[in-house]
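Participant: Here is the input, now give the coordinates:
(4 chains)
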Number of protein chains: 2
Amino acid sequence: MLQEYAFQGKKVLRYMDTIVILRCIVISTASEFVSRKPTLNTVARKAGVSIPTVSQVMRGAGRISEETREKVLKAAQDLHYVPNSRAAAMRSGENREIGFVINQLGNPFNAEVVGGVVDLLEAEGYLVSIVDTRDDHERQARQLEAFIRHGRGGLLWVPATDTTNETFDLLAVQGIPVVTFLRNVRSDLDHVGIRNAEATATATRHLVELGHREIAYLGGTDLTIVRKQRIAGYERALDEAGLAHAVVWDSEDNKIAGLDAMSALLQAHPKTTAVVCNGDMVALGACLAVNRAGLVPGKDVSVIGFDNIQDAAVSTPPLSTMAVSPHKLGRKLARVLLDRIEDPDLPATVVEVSAELLLRETTGAPP
Amino acid sequence: MLQEYAFQGKKVLRYMDTIVILRCIVISTASEFVSRKPTLNTVARKAGVSIPTVSQVMRGAGRISEETREKVLKAAQDLHYVPNSRAAAMRSGENREIGFVINQLGNPFNAEVVGGVVDLLEAEGYLVSIVDTRDDHERQARQLEAFIRHGRGGLLWVPATDTTNETFDLLAVQGIPVVTFLRNVRSDLDHVGIRNAEATATATRHLVELGHREIAYLGGTDLTIVRKQRIAGYERALDEAGLAHAVVWDSEDNKIAGLDAMSALLQAHPKTTAVVCNGDMVALGACLAVNRAGLVPGKDVSVIGFDNIQDAAVSTPPLSTMAVSPHKLGRKLARVLLDRIEDPDLPATVVEVSAELLLRETTGAPP
DNA sequence: GACAGAAGATATAACGATATATCATAATTT
DNA sequence: AAATTATGATATATCGTTATATCTTCTGTC
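Facilitator: Residues are numbered from 1 along each chain as shown, chains lettered A, B, ... in the order given. Next comes the predicted model:
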């Protein structure tokens, strides 16, 4: 009796035992003529050895004679064999693929951080693959789950604003190494970030020393962790100087928002002689606004930024800012993850890097 | 006789058959108390059904009674079960993970393209993970191979400058769907890009119509494909106008390089009244140089950019440019990849999107 | 009441790799 | 010469899934 039989996605016919012969023929045909991804099996047959032997040669493990080693390597090269890491990971449990969940891809600061991370992790044989949440916590939840489904040996993560507890719980249960970056939202997770409060305090103190008395903060009522920390440092420095009066003005982290916000601020508080900004983009926008008001940044109004992005050095006038090395930050981030992978029982680590006062031309004594 | 025996990374002892009992105890202990990633097996045991049944429930496949369906779903939820897509991919052959190999992560244009790609592919259940080659073809080769090892169902790729033939061959042999983006380097691969020659021709023609006669091209002797195409369009438009004389000046794609190059160009060719730029970053740098030379962009010297990045709209003066919608471009890119995955036997497709002339304030009649 | 067919579940064999155990030889020791 | 140990290769089970085949049980039909 003839029966339909599915083989490699295609229906073939079988008749009792004939299927065995048929399958043999088909398999052999396929491996001869159809270009399929080569596997250990393919290589082993071509080299005339067993599968474990090929596996050992590819990994440089076990005891293999020079003769068979060369035979196997030749076969692998001829077939353009590329090992399947996922199958390997499945069996061995070791997974050298790291996910980086980032909040804003186009940000040059983030891009440099990624560079630092990758430089360290690729040297250790890891693949670092990135996704961009665009600061949308729902998309983030989907992406994190996707990373778990697709198997990542560790995660680096800039948590989106409004990240829910469900998301944290999901990660906690999966028992996969996670290091948060920049936004220190959970004490039970490893973290690498910037000493935000210290940095804005330094910036503010500098402006106070220059003689400024009306110092506003630009970019800060949408209270993410980082903004809170930065505003806290700013307010602390004002308190120390006995300047209780503090204007915190809202703005998003881009040039246009900075421009608009600074224009409004200058109108509402014309006595302001200095602004500490939440980021360089805002600061650059602020300088634009100062210009448009017929004033000169660094003379009439001092502006100080945060991050030291590339543009800060070439704007007119060049921007004073709190500088952090994103590349170094990235390397630290990778280091902490590697340590965690090596020893999962380590207590949660927090590493915070200082920012340095970098004075260019947008800061000076008040008029 | 006692023997050492390795179990879950730790050495235990075994004595003849006793190992069986020992293993049973250990396994049961582990699954009860140690937090391990739950699998179909775990869920199946908890729900009191077989593994294939759970698999079917999770996928919504096969015929399952409502009763067992609920039982299984409850067990899965209680255990926080997350399916292992790699194991699934291994068996089923279907792999919904896409790799995006990009040349410059910090570029906001690229970031928006990624947004378009992801919007379409995530809706189809794909995970898009990104790596940054930083235009280094050796790093790129390592990353592409890593993507193949780790199993990607398709690749989107901005080929780095100097990509070698070995790299193309590696990809060709692996038989994995690949779509190149922006840089159309191989006729045997699908491609999505911009009509570069058409765009620069449009820009140049516009300058000619404004009355310019000394029109230079800024950013172009390092001859990548894209630069070649753009210069070709520029030269074609000059030829049409009977203006044989063309100055092509070198510059990298960033502000500082644009500033330096434009300063040099103005010194070497003071009669130049207009420049077509290879990108907006160069154009913004060029405007800076024009300013520093005591001239006004759009009046003394016209500058036109390419890409319409966010900064172009808020620079002073706002930049005229050739605008393309990166988001739309990203969706096109994703579409082409999906089509290829659906039908691997399709002939190679090339999709090219037009750029639009977007006039702001850096272009005008010559003085 | 026998039988066909459907419904709902399970058994089994892959996918491509690695870990462990085992098995032939050859080389060395006693 | 017999026993032991190294050496180099292979056999087998397993990782977490899914595809296919098989097996009950329960209908409904004649």
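Participant: Which per-residue confidence value corresponds to A:H212?
Facilitator: The pLDDT attached to A:H212 in the predicted structure is 97.
Participant: How is it assigned, secondary-structure-wise?
Facilitator: Under DSSP: H, G, I helix; E, B strand; the rest coil, A:H212 falls in the coil class.
Participant: repeat for A:L329
Facilitator: helix.
Participant: now do A:V101
Facilitator: A:V101, by the three-state scheme (three-state DSSP), is strand.
Participant: what sits against it?
Facilitator: Residues in contact with A:V101 (C-beta atoms under 8 Å, 6 or more residues apart in numbering or on different chains) are A:I130, A:V131, A:T133, A:Q140, A:Q143, A:L144, A:F147, A:L155, A:L156, A:W157, A:V158. Every C-beta, even on glycine, is put in place using the N, C-alpha and C of the backbone.
Participant: how much space between the fourth one and A:T273?
Facilitator: A:Q140 sits at a distance of 40 Å from A:T273 (criterion: C-beta to C-beta, to the nearest Å).
Participant: who has more neighbours, these two?
Facilitator: A:Q140 (25 against 18; other C-beta atoms under 10 Å in any protein chain shown).
Participant: Which of the residues in the one helix or strand that one maps to are classified as buried?
Facilitator: Applying DSSP states H and E as the criterion places A:Q140 in helix A:137-149. The neighbour-count check on helix A:137-149 (16 or more other C-beta atoms under 10 Å in any protein chain shown) flags A:H137, A:R139, A:Q140, A:A141, A:Q143, A:L144, A:E145, A:A146, A:F147, A:I148, A:R149 as buried.
Participant: Next up, the contacts around the fourth one.
Facilitator: When contacts are counted by C-beta under 8 Å, 6+ apart, A:A141 is found next to A:T164, A:E166, A:T167, A:L170.
Participant: Please work out the average pLDDT along stretch A:74-85.
Facilitator: pLDDT averaged over stretch A:74-85 gives 95.
Participant: Compute the distance from the centre of that stretch to the centre of its chain.
Facilitator: 32 Å (C-alpha atoms, centre = their mean, to the nearest Å).
Participant: ditto for stretch A:262-282
Facilitator: Using C-alpha atoms, centre = their mean, the offset of stretch A:262-282 from its chain centre is 30 Å.
Participant: Do you have the helices of chain A handy? List them.
Facilitator: A:18-33, A:40-47, A:51-59, A:66-78, A:85-92, A:108-123, A:137-149, A:165-174, A:196-210, A:225-240, A:255-268, A:280-292, A:310-314, A:326-342 (DSSP state H).
Participant: Buried deepest among those, which one?
Facilitator: helix A:280-292 (a mean of 25; mean count of other C-beta atoms under 10 Å in any protein chain shown).
Participant: Grab the CA positions of that helix and hand them over as CSV.
Facilitator: C-alpha atoms of helix A:280-292 as CSV (Å, rounded to 0.1, in the frame of the first residue of the first chain):
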residue,chain,number,x,y,z
ASP,A,280,25.0,68.7,25.9
MET,A,281,22.2,68.7,23.3
VAL,A,282,20.1,70.9,25.6
ALA,A,283,23.1,73.1,26.3
LEU,A,284,23.7,73.6,22.6
GLY,A,285,20.1,74.5,22.1
ALA,A,286,20.3,76.9,25.1
CYS,A,287,23.3,78.6,23.5
LEU,A,288,21.3,79.1,20.3
ALA,A,289,18.5,80.7,22.4
VAL,A,290,21.0,83.0,24.1
ASN,A,291,22.3,84.1,20.7
ARG,A,292,18.9,84.7,19.4
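Participant: Could you list every helix and strand in contact with it?
Facilitator: strand A:215-218, helix A:255-268, strand A:274-277, strand A:302-307, helix A:310-314 (3 or more C-beta pairs under 8 Å, 6 or more residues apart in numbering or on different chains; DSSP states H and E).
Participant: Tell me the gap between the first one and the middle of its chain.
Facilitator: Spelled out, it's strand A:215-218. 29 Å.
Participant: just the fourth one next, same as before
Facilitator: The chain centre lies 24 Å from the centre of strand A:302-307; the measure is C-alpha atoms, centre = their mean.
Participant: got a list of contacts for it?
Facilitator: Against strand A:302-307 from outside (C-beta under 8 Å, 6+ apart): A:109, A:199-200, A:203, A:206-207, A:210, A:212, A:230, A:273-280, A:282-284, A:286-287, A:290, A:297, A:312, A:319-324, A:326, A:355, A:362-364, A:366.
Participant: could you give the angle of that strand to helix A:225-240?
Facilitator: Angle of strand A:302-307 versus helix A:225-240, following axes from the mean of the first three to the mean of the last three C-alpha atoms, to 10 degrees, is 140 degrees.
Participant: quick one on the thing from earlier: tell me the one among the contacts of A:A141 nearest to DNA strand C.
Facilitator: Set against DNA strand C, the nearest of these by C-beta to the nearest atom of the strand is A:L170 (25.8 Å).
Participant: what's near enough to touch that closest one?
Facilitator: Here A:L170 is in contact with A:A141, A:L144, A:E145, A:I148, B:H80 (C-beta under 8 Å, 6+ apart).
Participant: Not counting residues beside it along the chain, what's closest to the last one?
Facilitator: What that stands for is B:H80. The shortest distance from B:H80 to any non-neighbouring residue, by C-beta to C-beta, 6 or more residues apart in numbering or on different chains, is to A:V173 (4.3 Å).
Participant: Go ahead and confirm the one you found touches B:Q77.
Facilitator: No. Using C-beta atoms under 8 Å as the test, A:V173 is too far from B:Q77 to be in contact (11.3 Å).
Participant: shared neighbours of these two, anything?
Facilitator: Between them, A:V173 and B:Q77 share no contacting residue, judged by C-beta under 8 Å, 6+ apart.
Participant: and the contacts of strand A:302-307 near DNA strand D, which?
Facilitator: When the contacts of strand A:302-307 are checked against DNA strand D using C-beta under 7 Å from any atom of the strand, none falls in range.
Participant: What is the neighbour count of the residue of the stretch 151-300 of chain A found nearest DNA strand C?
Facilitator: Minimum separation of the stretch 151-300 of chain A from DNA strand C (C-beta to the nearest atom of the strand) falls at A:G151, amounting to 12.1 Å. Neighbourhood size, A:G151 [other C-beta under 10 Å]: 23.
Participant: No further questions, thank you.
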